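In: below is the sequence, then the predicted model.
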Amino acid sequence: MAELGPFRVNPDGKTLSRNRHAWNNLANVIFLESPAGVGFSYSNASIPSGDTRTAVDAYMFLLHWLERFPEYKGRDFYISGESYAGHYVPQLAAVILALRELGATNMNLKGIFVGNPLLDKSNNSYGSLEFLWSHGVISDEVWANVNGPCNSGQGSGCDDSFDEGDIDTYNIYAPVCIQSPDGSIHPSSYLPGYDPCIDAYIDAYLNNPEVQKAMHARTNTDWSECSESLNGWTDSPVSMMPTIGRLVDKGLRVWIYSGDMDDACPITATRYAVKDLNLTITKPWRPWYTPDNEVGGYAQQYEGGFTFASVRGAGHFVPSFQPKRSLVLLYSFMKGVLPPGALPPGVSVWSGV
């Protein structure tokens, strides 16, 4: 409701408006609340949560969903996600491919499309600091300490602390939501198409008993953006790149994209992770364009079709900050081709987008 879905919640917290750049303009979309316990989802069993359990649960969901709606069996399908879905998406894909090789499933998975993903915990923190330094948030002196004795543990009295101020980690250039003394909220400034207070509108909407009833969710659920009800996380690989490398080797279409204003899972960290794949570049880094002949970002392709792309002017939640550019990139992914370079004035290959 804040990103790629068909509706956005209005500031009154009671009504909806259409998202004309929703991803279901291009495909049937299923939104899966995962792992069990987040959103309106729940589990009757007290089972520890973790990456493996989440992948198995997601596969079982797909299996039962296709049994209930058999007309979708055999159709091409793709898995997408963002942030910690840098774990969820490739792990679910790996389960499906393994079972397909054993002849235990015929799910026609064609590819995965993952945005601003957490791929490698060991370089995400460093990548975040590098991103903040390169964007003028931390000083040269702090950055020198990060790369010097403070980072090696040999320093004495080093200071690598800093004050980034009241900025949004998910988009360091976006406005933030301000709460006034009277309890009202408002954006700190104006960014076309984006409202930093939308989380509050969604919270009010999804906690409306009439909405919960209409959605066939459990009524009287205390919905919240983040869940504290999960049991201890039992497993989480430091790096997902070995799994992603295997998916590429097996011929799966794998695209990773990054909004270039995100500090939570920044493009700097993602570039380090992509480099770890050690794949040969087949189509070098170049700008890609929207139907308006505007630079939407940059992209590079590697052997096996693996693709890494940036989305210019987007933060962690790419469809929130750049809905049109995210839709153009999705269209390219589903077609299996890079988005186009610059086109002559008046020429467009994006009819229908």
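Out: Received the coordinates, thanks.
In: make it CA atoms for all contacts and neighbour counts henceforth
Out: Fine.
In: which parts of the stretch 1-150 of the chain are helices?
Out: Along the stretch 1-150 of the chain, counting by DSSP state H, counting those that start in this stretch, helices occupy 51-68, 85-101, 121-134, 140-147, 149-152.
In: for H21, find the nearest of these.
Out: Closest of the helices of the stretch 1-150 of the chain to H21 is helix 85-101, at 21.7 Å (criterion: C-alpha to C-alpha).
In: mind giving me the packing neighbours of that closest one?
Out: Using 3 or more C-alpha pairs under 8 Å, 6 or more residues apart in numbering; DSSP states H and E, the elements in contact with helix 85-101 are helix 51-68, strand 77-83, strand 109-117, helix 241-249.
In: the closest residue in space to M1 that isn't next to it in sequence: what's it in contact with?
Out: Nearest non-adjacent residue to M1, counting by C-alpha to C-alpha, 6 or more residues apart in numbering: R8, 4.9 Å away. Contacts for R8 (C-alpha atoms under 8 Å, 6 or more residues apart in numbering) come out as 1-2, 16-19.
In: phi, psi for the residue lying closest to Y302 once chain neighbours are set aside please.
Out: Distances taken as C-alpha to C-alpha, 6+ apart place I281 nearest to Y302, at 4.3 Å, with adjacent residues excluded. Per-residue torsions, I281: phi -70, psi 130 (degrees, to the nearest 10).
In: which residues in the stretch 151-300 of the chain form strands?
Out: In the stretch 151-300 of the chain, the segments counted as strands under DSSP state E, counting those that start in this stretch are 177-179, 185-187, 253-259, 281-289, 295-302.
In: do you know which of those lies nearest S227?
Out: strand 177-179 (20.9 Å).
In: contacting residues around the closest one?
Out: Contacts with strand 177-179, where a contact means C-alpha under 8 Å, 6+ apart, come from 185-188, 196-197.
In: quick one: mean pLDDT over stretch 198-214.
Out: Mean pLDDT, stretch 198-214: 96.
In: for the stretch 51-200 of the chain, which spans come out with low pLDDT?
Out: Residue ranges of the stretch 51-200 of the chain with pLDDT under 70: 149-159.
In: 50 instead?
Out: Counting by pLDDT under 50, the stretch 51-200 of the chain contains low-confidence residues at 155.
In: from P175, how far off is the nearest residue to K324 once chain neighbours are set aside?
Out: Nearest non-adjacent residue to K324, counting by C-alpha to C-alpha, 6+ apart: H21, 5.8 Å away. Distance, H21 to P175, using C-alpha to C-alpha, to the nearest Å: 21 Å.
In: sorry, back to before: is it true that the residue nearest to Y302 touches Q301?
Out: Yes: under the criterion of C-alpha atoms under 8 Å, I281 makes contact with Q301 at 6.1 Å.
In: these two: who's more crowded?
Out: Q301 (21 against 15; other C-alpha atoms under 10 Å).
In: just list whatever residues bridge to the more buried one.
Out: Taking DSSP bridges as the rule, Q301 bridges to K283, T307.
In: picking that back up, got the helices and strands packed on helix 85-101 as CSV, with distance to V137 and mean neighbour count columns?
Out: Output for the helices and strands packed on helix 85-101, formatted as CSV (distance: least, C-alpha to C-alpha, whole Å; neighbours: other C-alpha atoms under 10 Å):
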stretch, distance to V137, mean neighbour count
helix 51-68, 33, 15
strand 77-83, 22, 19
strand 109-117, 20, 24
helix 241-249, 29, 18
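In: out of the ones you listed, flag the one nearest S258.
Out: strand 109-117 (4.6 Å).
In: and the contacts of the closest one?
Out: Here strand 109-117 makes contact (C-alpha under 8 Å, 6+ apart) with 76-87, 89-90, 93, 96, 252-259, 262, 265-267, 270, 316-318, 333.
In: quick one: buried ones out of these?
Out: Neighbour-count burial (16 or more other C-alpha atoms under 10 Å) applied to those gives 77-83, 85-87, 89-90, 93, 96, 252-259, 262, 265-267, 270, 316-318, 333.
In: residues contacting the closest residue to V146 other than its chain neighbours?
Out: Closest residue to V146 apart from its sequence neighbours, by C-alpha to C-alpha, 6+ apart: D160 at 6.0 Å. Shown in contact with D160 (C-alpha under 8 Å, 6+ apart): 142-143, 145-146, 150.
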